[in-house]
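In: Give me coordinates for this.
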Amino acid sequence: MSSENLICAGRTVARYVWDPDLPAAVSPRPYLHPVTTLGGTTVTGFRPADHEHHLGASVAIPVLNQANFWGGRTYVAGRGPVGLDDHGRQRHTRWLHRSDDRLVQEICWLGRDGAPLAREERSLSVRAVGDTSWLLRVGFALSGIDGAALVIDSPGARGRAGAGYGGFFWRAPAGLAQVRAYGATGDPHGSRQPWVVLTGSESEAATWTLVFRAGVHADPWFVRASDYAGVCSAIAWDRPLVIKTGGVLTRRLSVLVADGPPTEALLAEAEADVSAPYGHGAGGV
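Out: Now for the predicted structure:
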């Protein structure tokens with residue numbers, strides 16, 4: 001196992017981990033966990049009992065060229081979720097940039113047989129926003145090995161309505177006493193609203209808020225707040241996404257991580273990020 005810390009306002013707010021010894025069935029991949037507020041409250045969940053393949057915050061895709069990069073069972077049209085020996089893995093290749101507040105990484109996506117399928121450049125950066133919150137920016141650029149075409153699939157694209165997850169996925173901790181999710185105009189699940197709030201607490205003293213904002217590509221949101229708490233910007237919501245020969249899929253988004261309940265001031269801070277310039281790196285982060 002290897003890891004890097006992301007540091008903001010003088011404290012470690014996220015640990016970025018690559019553990020090649022994770023079980024094959026979770027589709028091993030780099031992940032962020034624990035992620036904490038500036039006050040020290042953990043806001044990610046890792047391998048919870050309800051979904052052991054949920055690894056904190058990560059880039060996870062249910063099916064990429066017939067390999068499962070999400071973990072767990074694979075949804076098969078007409079049969080439902082099926083346990084298949086089809087899990088791929090994301091392997092760290094090299095660091096392109098490494099500092100306390102920014103990481104840029106090259107990753108190789110390997111199929112079940114270990115053959116390289118895709119190359120990714122991923123960027124993570126953090127900065128303080130006010131006294132009680134900080135901002136994570138995520139970007140990734142995915143392309144086929146030697147320019148080969150890629151097909152990204154999901155349960156939603158295979159007929160399971162409302163289950164089009166796949167992309168940057170944030171799993172919140174299990175066992176929360178209270179959890180709520182909402183968007184700018186009501187229920188965000190399946191919508192392309194500009195932002196999604198996920199707020200939860202283990203107790204009154206440990207309430208936290210996450211504000212997710214999409215970048216240029218406003219994919220539908222996959223949002224859970226009842227059976228478990230999580231948010232994903234879904235890149236193949238109701239149909240497969242094809243990256244043509246020689247093409248590159250790029251995505252970027254931001255997550256404001258804050259202590260306390262959501263407020264108008266907090267949403268305004270997240271809104272201000274939209275106009276802030278992005279630097280160089282994967283997905284423009």
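In: On the three-state scheme, the nearest residue to residue 102 once chain neighbours are set aside is what?
Out: With C-beta to C-beta, 6 or more residues apart in numbering as the criterion, residue 102 has its nearest non-adjacent residue at 4.2 Å, and that residue is residue 125. Just so you know, the C-beta spots here come from the backbone N, C-alpha and C atoms, and that holds for glycine as well. Residue 125 carries the three-state label strand when classified by DSSP: H, G, I helix; E, B strand; the rest coil.
In: For residue 125, give its distance to residue 97.
Out: 10 Å (C-beta to C-beta, to the nearest Å).
In: neighbour count winner among the two?
Out: residue 125 (22 against 12; other C-beta atoms under 10 Å).
In: Run through the bridge partners of the more buried one.
Out: In this entry, residue 125 is beta-bridged to residue 102, residue 137, by DSSP bridges.
In: Just confirm it contacts residue 101, I think it does.
Out: Yes. Counting by C-beta atoms under 8 Å, residue 125 touches residue 101, with 6.1 Å between them.
In: Excluding sequence neighbours, find me the nearest residue to residue 207.
Out: residue 201 (4.0 Å).
In: which residues touch the one you found?
Out: 176-179, 207-208 (C-beta atoms under 8 Å, 6 or more residues apart in numbering).
In: Check residue 216 too.
Out: residue 252.
In: how about it, secondary structure?
Out: coil.
In: Where do the helices of the stretch 101-250 of the chain begin and end?
Out: For the stretch 101-250 of the chain, helices defined by DSSP state H, counting those that start in this stretch do not occur.
In: tally of neighbours for residue 239?
Out: 12.
In: give the contact list for it.
Out: residue 157.
In: same check, this time on the one 4 residues further on
Out: For residue 243, the contacting residues are 142-144, 149-152, 249, taking C-beta under 8 Å, 6+ apart as the criterion.
In: who wins for neighbours among the residues you listed?
Out: residue 142 (25 neighbours).
In: Quick check: which ranges of the stretch 1-150 of the chain have low pLDDT?
Out: Residues of the stretch 1-150 of the chain meeting the criterion pLDDT under 70: none.
In: same question, the stretch 151-285 of the chain
Out: Within the stretch 151-285 of the chain, the ranges that satisfy pLDDT under 70 run 273-285.
In: Which residue, neighbours along the chain excluded, lies closest to the residue of the chain most remote from its centre?
Out: Within the chain, residue 78 marks the point farthest from the mean C-alpha position, 28.1 Å out by C-alpha atoms, centre = their mean. Spatially, and ignoring its direct neighbours in sequence, residue 78 is nearest to residue 159 (7.9 Å; C-beta to C-beta, 6+ apart).
In: hang on, the one you found packs against residue 77?
Out: Yes. At 5.1 Å, residue 159 and residue 77 qualify as touching, with contact defined as C-beta under 8 Å.
In: Distance from stretch 22-40 to the middle of the chain?
Out: 10 Å (C-alpha atoms, centre = their mean, to the nearest Å).
In: how about it: buried residues?
Out: 22, 25-38 (16 or more other C-beta atoms under 10 Å).
In: again with stretch 174-181
Out: In stretch 174-181, counting by 16+ other C-beta under 10 Å, buried: 176, 179, 181.
In: Quick check: closest non-adjacent residue to the first one.
Out: I take that to be residue 176. Residue 176's closest residue in space is residue 200 (C-beta to C-beta, 6+ apart), at 4.4 Å.
In: Please name the bridge partners of the one you found.
Out: residue 179, residue 208.
In: can you pull the contacts of residue 131?
Out: With C-beta under 8 Å, 6+ apart, residue 131 has these contacts: residue 38.
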